[in-house]
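S.K.: let's see this in three dimensions:
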Amino acid sequence: MGTRDINTENTRQLILAAAERVFLAKGFAGAALGEVAEAAGVTKSLIQYHFESKEGLWTAVCGRRSQAFLQALGRFTRAEAPTLAQVRQDLDAYFRYLQANPEVTRLLLWSDLDSASVAPGVDFMALQAAYFARAQQAGVVRTDVPCEFLAMQLAGLVEFWFQARHRLIVANQATAAALHALDERYAALVPSLFLEGAQGR
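M.R.: Numbering: from 1, shown residues only. Got it, this is the predicted structure:
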């Protein structure tokens, strides 16, 4: 790769990093290219040269994150049906990924709040639905619930946790240590909540 190509790629990455910060703070609808340009220290015309529009920039930001999401959670794309033990491990991996990457949860939330800016890239919900369809065929999870509903249930259990767990802690006690302790307590319960529900034993 030549020097010019390296500089071009460095500029793209600089813009993407700045755009992600602005999108995380304001969402797609609230962000302006001028704000991204200022955050990146470049001109709006340079952003338009690389990404054409705000929509193109949003697509690139979400695409980069979704690819990393998929690489980290490729276990959900395995061809063979998962065992019960694997399902438990996979649910934990999903939780741990969002725990380590809070910006992903925020992008997903902004996408949900603004239906016109649905995050492009890998359709992880569809991948999860297909994953649960394979688990259903193997008799690992119940078959009377559509696999799409199972995927949505898991998203609710995990994604909403990271959106709202601060409500469980008094504001002046919401330290990193307190949040981590809450996360660990909840993470231990996610597999059983998902697989067994909240019914009394």
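S.K.: got the contact list for Ala138?
M.R.: Ala81, Pro82, Thr83 (C-beta atoms under 8 Å, 6 or more residues apart in numbering). C-betas here are computed from N, CA, C, even on glycine.
S.K.: out of those, which are buried?
M.R.: Using 16 or more other C-beta atoms under 10 Å as the burial test, these include Ala81, Pro82 as buried.
S.K.: restricted to strands, list the contacts of Ala138.
M.R.: Among the contacts of Ala138, no residue falls in strands (DSSP state E).
S.K.: okay if I get the contacts of Ala138 as a markdown table plus pLDDT?
M.R.: Below are the contacts of Ala138 laid out as a markdown table (pLDDT from 0 to 100):
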| residue | pLDDT |
| --- | --- |
| Ala81 | 94 |
| Pro82 | 94 |
| Thr83 | 95 |
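S.K.: from the contacts of Ala138, which is closest to Thr11?
M.R.: Taking C-beta to C-beta as the measure, Thr11 sits nearest to Pro82 out of these, at 42.0 Å.
S.K.: Gln137 is in contact with the closest one, correct?
M.R.: No: with contact defined as C-beta atoms under 8 Å, Pro82 and Gln137 do not form a contacting pair (10.7 Å).
S.K.: His18 reaches Ala40, doesn't it?
M.R.: Quick fix: residue 18 reads Ala, not His. Yes: at 3.6 Å, Ala18 counts as touching Ala40 under the criterion of C-beta under 8 Å.
S.K.: any chance of the contacts of Ala138 in JSON lines, with distance to Thr105 too?
M.R.: Putting the contacts of Ala138 into JSON lines (distance: C-beta to C-beta, whole Å) gives the following:
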{"residue": "Ala81", "distance to Thr105": "28"}
{"residue": "Pro82", "distance to Thr105": "24"}
{"residue": "Thr83", "distance to Thr105": "28"}
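S.K.: can you tell me how far the residue most central in space within the chain sits from Leu84?
M.R.: Geometric centre of the chain, nearest residue: Val104, 3.8 Å, by C-alpha atoms, centre = their mean. Per C-beta to C-beta, to the nearest Å, Val104 is found 27 Å from Leu84.
S.K.: which residue ranges make up the domains of the protein?
M.R.: 1-52, 65-196 (automatic domain parsing).
S.K.: now those domains as CSV including distance to Thr59?
M.R.: Compiled in CSV, the domains of the chain are given as follows (distance: least, C-beta to C-beta, whole Å):
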stretch, distance to Thr59
domain 1-52, 8
domain 65-196, 5
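S.K.: out of those domains, which gets nearest to Trp58?
M.R.: domain 1-52 (5.3 Å).
S.K.: what's the strand or helix carrying Arg12 packed up against?
M.R.: If you go by DSSP states H and E, Arg12 is part of helix 3-30. Other elements packing on helix 3-30 under the criterion 3 or more C-beta pairs under 8 Å, 6 or more residues apart in numbering; DSSP states H and E are helix 33-40, helix 44-51, helix 54-72, helix 102-113.
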